[in-house]
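Chemist: Model the following, please.
(2 chains)
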Amino acid sequence: MLFRQSYYIREHGQGRQTIQFAVSDIYDSLFDSEAPYTEVDIFQLATVKQDLNTDDGKFAIDELEFTVNQAMCKTTEQLNALFFCLDATAVNVNRYVACWFADSLDVSELVFVGQINSNISASDLVWHSSEYKVNHKPLREYKFKCLSFDVSILEQATLLQKPRDLFNEEIDSIMDRFLTLDNESWIKSNCTYKPMYREWNLASGPTLGKYVHLRPTISLFEYLKKILSFTNDLLEEKINSILEFDLVDSDVGFGILPAYITGRNTNAYNQYMLTFKPNQYQAKTDRPIKLRICSNESLESDESNIYVNSQMIHSQLYDTNYWIESGKMVIDGLGEDSVLIPGESELTFLKSDNVAKLLFDIARALGCFVTFQYNTSNSIGIKFVSRQSIIKDELVYLAAPESAQIDISSNANNGSDRYYTTAGAFFESGTDILIPRVNFDGLLGYTKVTKETKKFKLFKENREREEQQNKVEFTRLLFSLGTPLEKLENADDFANDVYPFNTVIANSVQEQFEKTGFLHFNRTQGSMPAKVWGHICNAIYVRTSNLQGTTTPAQDITSVISPAMGIIVNINGVDKYYNRLEDYINDIMLVSEQYYKAEYDITIPFWNLFGTDENGANKSWKNIRVGSKIRFTESVRRYISSSFSDFDVTRDYVVVGLERDLSKPGTKLKLVNAEAFAFGYANTINPTEQLIFSNQLGLDDNLITSSAPFEGYEIAEFEVIHLGDAVMVGVDGKVFKAVNKKEHYHKPIGIALNDGEGGDTVKVQFTGRVYGLHNFTSAGKTIYIRANPSDSNISENCLAGPTADENVIIELGQTDTTNSFIIDIYKLCYKELVEL
Amino acid sequence: MIVLAYTDNPLAANTGYNADFEVILGLENEGAQQSFKELKLYELPTTGVVTGKTLRGKSFEHITFVDTEYTVTISADELLSSTKRAFLKAFWGATHKYLVTDLTTGDYIPVVSGGGLLPVEFINENKYLQEVTLKLVANNG
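Modeler: Reported below is the predicted structural model:
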């Protein structure tokens, strides 16, 4: 059934503007000019709205509102049309609607397409019945809201939960379809191990030089393409949809620096194993790679797709440890491997219940927007758009605003939401070091022991403190930067050696290329490494050419998969570096919040007076869209050096809210300063600039003041604090020089970043890497708080035993160079020596 | 001469005038029509507009619709007939109202009255001298 309504309104000086509206139970018929239809005139269209969601950085669902006055429905056709729309209250009934600003049904003329929402409100106009009668025969005015199904329809494509079709029968979920025999070859070719690091070609060891570390990763582009193809099948079965969603090549808008190894060690227990020291694992500063989500054919040499651990798709999808049963893949791993570590499922894509949420979660983690573009009436391209790209290049010119309100305030909201990352369920993102714990029981075999790393605990405590003190709400992002490392245990000679998390190594030359028989290492067990216990790690990886590059490339390996160690991005014309993903995303949100404080709301009593130049050329409603850029120049007078000077200030604004009145000519715009979106690919990076993305808490010396967490504290009365001192907070909230005495039940909070005396404010760095303030004998030393009233209270010497002045051991962290250390605070008491 | 008509259910669009209204109504519809020798009949366009002035000082006026308003005055002489008075009362309260201005080739023009009190003027305040002036609006789409 198809109902159409067409009307026109004379727009002053612009002629007639035709508006067409259609409702159907068959989506395709909306766009079929040959489809039989019934003409009605009962739909009183109100507005069509589109907003950029400022909180989540995504497009909100488009809305079209209309009313139907039942008293107006005099004919059978009119009543049929009304009750046809009212059927949308049933959740398994779809009523598709579309609205065009034209006589034609062309996709390019669409202002809205979607479906009637099941929440319909109404107010009774009259009851045609006698008093006390149950059959009250009301006449109502119904209010309908239509939502663009380009987003909402994807919510029906559930990843795990089995959806139901129109006959209320269960059908396969997305993952059911993914794990089928038909998809087996795709999984094998896409979710398998990729070369990660190539070992040096040792002159003395002809075989050793050919082995690589490998890692099971998958291209995010290929995964999403696959998911969308299953989504199309699911929606066809569920609601007879003929929509075809596909992923369009997308720019993420920032570049990354890949991790590489500056040195290596061989393992005495396993000749095929390459390990390295933490500080040998660094960001390749002269290899910026533009991050994209696109087909490999579209990539330039300095670009890469995003790769993720294949366990992000399914927790056990990292090996060939599955079998087919009744046409379905059964993923089991091998015995104990099938046990999912508590909390790890939260890290996977399956945490997003449906495809719509998955797309938005990915977009949020990358600081992007998800956009939908109609290629044809039933072909919808999904694209991730970077913040910079959300703004259209061309300026739009306004002819006739009727009213404009500007609200200027640059105050950032202190209690705003913030984002954080963790690489795993119990280890941190960035460059954490996991010490695997494996219990061995002769009967039960090996079992994984989960224990939060120190860094993980520290960051969690910091978040909890911020939540309590500043009322900040934290949301975890889907990805993280910089894969953690795993430390070799029970191998005295290699106690400080690490290897990338979840890495496997080829056991022989043949296995390396046949991709069979890999070994995972969690720790060395006697002469051989223990078997695989892959944990889920949500780090971002990129493909690039061989990073070591100092020796002859290994055979057949033209590229490697490397973790993204840092972000480089151009913000408002300035290149900036981040080594934690959440720092970048929080900066985006902070900037957005600030600029959204300066809102410009403009009402234009026209639909078509939007030109493409200052002469008003090509006037059309089509020129103004969310993301359109509008420029205003204002003359301002500034007071500088005791005198006033006049300036012309030009600002570009971007449209973040667009509302068209459908009952009379009118367009409402919400504008914000375009600088809120000025995040894009870095223009240049100086290869000689020595950024040190060290394998520790990951704060390089250049960034320490910009991204290291620190706060200002008032110094307690009579206290003297010097730059580099470890400090504690007393019960009055003021800081003093830290001492390792039990009666000070607080732990030290961090390192003073300036000198000061009682009443002064001292800046305290409470996490990260402290650089250049101390001198140590070597890297890898644990450092302690020691009582020392006259000098620094930081020492490499552990307290030998309790004394009158010192009676607890406080570990402050570990040195990573001779003049830097990573804050990692633990307090240990004597007697039980219990960790507090 | 004009004809006013009313029905319970709507007539098909562009239904041509027929002096035998039963033919028009068919079996499942009820209504009536009545001819009047109108005292006055004005047919004028009426518009809905949205007006205002932009921040740059330009006035604008959007025409949201152009309808036809028929002003029909029926004389007191004619309404001395109780049948016609009764018809007008029924017409005023009917769901579907029609006007025929051309009894030769014209159609039943669907009109709306705007509701309210039946617009009767009592000449010389005499209750027997009722002159009715109807303002009937036909939508032009």
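Chemist: okay, now residue 76: neighbour count?
Modeler: Picking chain A for this. By other Cβ atoms under 10 Å in any protein chain shown, 11 other residues sit near A:T76. For the C-beta atoms, the positions are set from N, CA and C on the backbone; glycine is no exception.
Chemist: Switch to chain B, please.
Modeler: 18.
Chemist: confidence score at it?
Modeler: On pLDDT, B:A76 comes in at 92.
Chemist: any idea which element it lies in?
Modeler: In the assignment (DSSP states H and E), B:A76 maps to no helix and no strand.
Chemist: Contact partners for it?
Modeler: By Cβ atoms under 8 Å, 6 or more residues apart in numbering or on different chains, the contact set of B:A76 is B:I123, B:Y128, B:L129, B:Q130, B:E131.
Chemist: what separates the third one from chain A, distance-wise?
Modeler: Using Cβ to the nearest Cβ, to the nearest Å, one gets 35 Å for the distance from B:L129 to chain A.
Chemist: likewise B:K127?
Modeler: Applying Cβ to the nearest Cβ, the value for B:K127 to chain A is 31 Å.
Chemist: what about that residue, neighbour count?
Modeler: Residues near B:K127, counting by other Cβ under 10 Å, number 8.
Chemist: For it, give me its contacts.
Modeler: Taking Cβ under 8 Å, 6+ apart as the test, B:K127 contacts no residue whatsoever.
Chemist: need the residues of chain B near chain A, please.
Modeler: Contact residues (Cβ under 8 Å from any Cβ of the partner chain) of chain B with chain A: B:9-10, B:50, B:52-56, B:58, B:60-65, B:95-96, B:141.
Chemist: top helix in chain B by residue count?
Modeler: helix B:82-92 (DSSP state H).
Chemist: and A:T38, how far is that from A:T158?
Modeler: A:T38 sits 35 Å away from A:T158 when distances are taken as Cβ to Cβ, to the nearest Å.
Chemist: Please say which of the two ends up with more neighbours.
Modeler: Set A:T38 next to A:T158 and count neighbours by other Cβ under 10 Å: A:T158 wins out with 20 against 17.
Chemist: So the more buried one is in contact with A:D353, correct?
Modeler: Yes. Counting by Cβ atoms under 8 Å, A:T158 does reach A:D353; the two are 6.1 Å apart.
Chemist: all helices for the chain, in order.
Modeler: You didn't say which chain, so I picked chain A. Using DSSP H, helices in chain A cover A:76-86, A:149-152, A:174-178, A:184-190, A:220-239, A:355-365, A:454-470, A:509-514, A:581-596, A:704-707.
Chemist: let's do chain B instead
Modeler: Counting by DSSP H, the segments of chain B that form helices are B:21-25, B:82-92.
Chemist: And chain A, what are its domain boundaries?
Modeler: Chain A breaks down by automatic domain parsing into domains covering A:2-147, A:160-391+A:421-569, A:581-679, A:708-829.
Chemist: What residues of the lengthiest strand in chain B count as buried?
Modeler: Looking across chain B with DSSP state E, the single longest strand is strand B:59-74. Within strand B:59-74, the residues that qualify as buried are B:F60, B:H62, B:I63, B:T64, B:D67, B:T68, B:Y70, B:V72, B:T73, B:I74, counting by 16 or more other Cβ atoms under 10 Å in any protein chain shown.
Chemist: Could you check how far the closest residue to A:Q161 other than its chain neighbours is from chain B?
Modeler: Nearest non-adjacent residue to A:Q161, counting by Cβ to Cβ, 6 or more residues apart in numbering or on different chains: A:S173, 6.0 Å away. Plainly put, A:S173 is 49 Å away from chain B if you go by Cβ to the nearest Cβ.
Chemist: so what's A:S173 up against?
Modeler: A:S173 makes contact with A:T158, A:L159, A:L160, A:Q161, A:K162, A:P163, A:L234, according to Cβ under 8 Å, 6+ apart.
Chemist: Can you pull out the low-pLDDT segments for the stretch 151-300 of chain A?
Modeler: Low-confidence segments of the stretch 151-300 of chain A (pLDDT under 70): A:192-215, A:262-280.
Chemist: give me the beta-bridge partners of A:L395?
Modeler: With DSSP bridges as the criterion, the beta-bridge partners of A:L395 are A:K629.
Chemist: is it true that it touches A:K629?
Modeler: Yes. If you go by Cβ under 8 Å, A:L395 and A:K629 touch, sitting 5.3 Å apart.
Chemist: Quickly list what's touching both of the two.
Modeler: With Cβ under 8 Å, 6+ apart, A:L395 and A:K629 have common neighbours A:D652.
Chemist: which strands and helices sit next to the strand ranked longest in chain A?
Modeler: Across chain A, the longest stretch assigned as strand under DSSP E is strand A:643-661. If contacts are counted by 3 or more Cβ pairs under 8 Å, 6 or more residues apart in numbering or on different chains; DSSP states H and E, strand A:643-661 sits against strand A:44-53, strand A:629-640, strand A:667-673.
Chemist: between it and strand A:667-673, how many degrees?
Modeler: 140 degrees (axes from the mean of the first three to the mean of the last three Cα atoms, to 10 degrees).
Chemist: in strand A:643-661, what counts as buried?
Modeler: A:D652, A:Y653, A:V654, A:V655, A:V656, A:G657, A:L658, A:E659, A:R660, A:D661.
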